[in-house]
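Enquirer: Build me a model:
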Amino acid sequence: MEFAKVLQRRRAIRRFNADPISVNTLHSIVAAAQQAPSWGDSQPWRVTIATGDTLARIKAAHRQRAQAGVKGHAELTAGTPTWPAASRENTHTWLTGIQAFLGDQAPQLDAIQANLFDAPVLVYLTIPQGSPAWSVYDLGAFGQTLMLAAADYGVASMPAYEIIKYPDIVRQFTELPADQLLVMGIALGHRQADCLNDYPAGRTDTHQILTIKD
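Expert: So this is what the prediction gives:
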């Protein structure tokens, strides 16, 4: 697939159908993501994938806790108070926009999130405990490359805090090594025909983020 088409296809999908993804496809997606750059070629990333019975147990435990209103406690600090004004405004614009777009169906967002987007695959990205901040940058590059690779294979994706906000559940069922820091989760699957997936999220005008000095 041409790169421009891959970029266009990669978007946040909030509800997946039940169609499975083969182990071979998952392996190919992760192998492609390994082409991401890293500081000193350190390649700090590790990938753990939950499917089948493991995923079902994670979803059940997560759903029970989310529906009870238990606050998340991700291993990386979450929240927006320290974000600059422009970032907070972008987030506010997105939130009010999608709520208006969904109208009466907006409340289902919480239910879908509680069920981890109905995804048939959850990908957990980790780096070694005590890694330098640069490794978080490297892992972000890996995660984006993984999602672009998935798009090239016709697989949709959703990176979300929701997936890793109860790290003890993830660790219980995936047996993540204690020396790994759980940074991000990405849902993979095939897009469900649902208005949740139709919201056209905007982007800041390029002139507002770009400076070129000649």
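
Enquirer: Need the per-residue pLDDT for the residue nearest the centre of the chain.
Expert: Taking Cα atoms, centre = their mean as the criterion, P159 is the residue nearest the geometric centre of the chain, at 1.0 Å. We have a pLDDT of 98 for P159.

Enquirer: Also K5?
Expert: On the pLDDT scale, K5 is placed at 87.

Enquirer: the longest helix in the chain is where?
Expert: Taking DSSP state H as the criterion, the chain has its longest helix at helix 133-152.

Enquirer: which residues sit against the next helix or strand after that one?
Expert: As assigned by DSSP states H and E, the chain's next helix or strand after helix 133-152 is strand 156-159. For strand 156-159, the surrounding residues in contact (Cβ atoms under 8 Å, 6 or more residues apart in numbering) are 10-14, 16, 117, 119, 143, 146-147, 150-151, 184-191. The way it works is simple: take the backbone N, C-alpha and C, and place the C-beta from them, glycine included.

Enquirer: repeat for stretch 200-214
Expert: The contact list for stretch 200-214 (Cβ under 8 Å, 6+ apart) reads R11, A12, A86, N90, T93, W94, G97, I98.

Enquirer: Report the separation between the residue nearest to the centre of the chain and L7.
Expert: Distance of P159 to L7, given as Cβ to Cβ, to the nearest Å: 15 Å.

Enquirer: And for I186?
Expert: According to Cβ to Cβ, I186 and L7 sit 17 Å apart.

Enquirer: Looking at these two, which has the bigger crowd around it?
Expert: I186 (23 against 12; other Cβ atoms under 10 Å).

Enquirer: so how far is the lowest-mean-pLDDT helix or strand in the chain off the chain centroid?
Expert: One helix or strand of the chain scores below all others by mean pLDDT, DSSP states H and E: helix 85-102, with a mean of 83. How far helix 85-102 lies from its chain's middle: 18 Å, per Cα atoms, centre = their mean, to the nearest Å.

Enquirer: in that helix, what counts as buried?
Expert: The neighbour-count check on helix 85-102 (16 or more other Cβ atoms under 10 Å) flags N90, I98, L102 as buried.

Enquirer: The second one contacts D198, doesn't it?
Expert: No: the pair formed by I98 and D198 falls short of the contact definition of Cβ atoms under 8 Å, at 10.1 Å.

Enquirer: got any ranges where this protein has weak pLDDT?
Expert: For the chain, the stretches flagged by pLDDT under 70 are 1, 79-81.

Enquirer: Okay, strands next: where are they in it?
Expert: In the chain, strands defined by DSSP state E lie at 46-50, 121-128, 156-159, 180-189, listed in chain order.

Enquirer: All good on my end, thank you.
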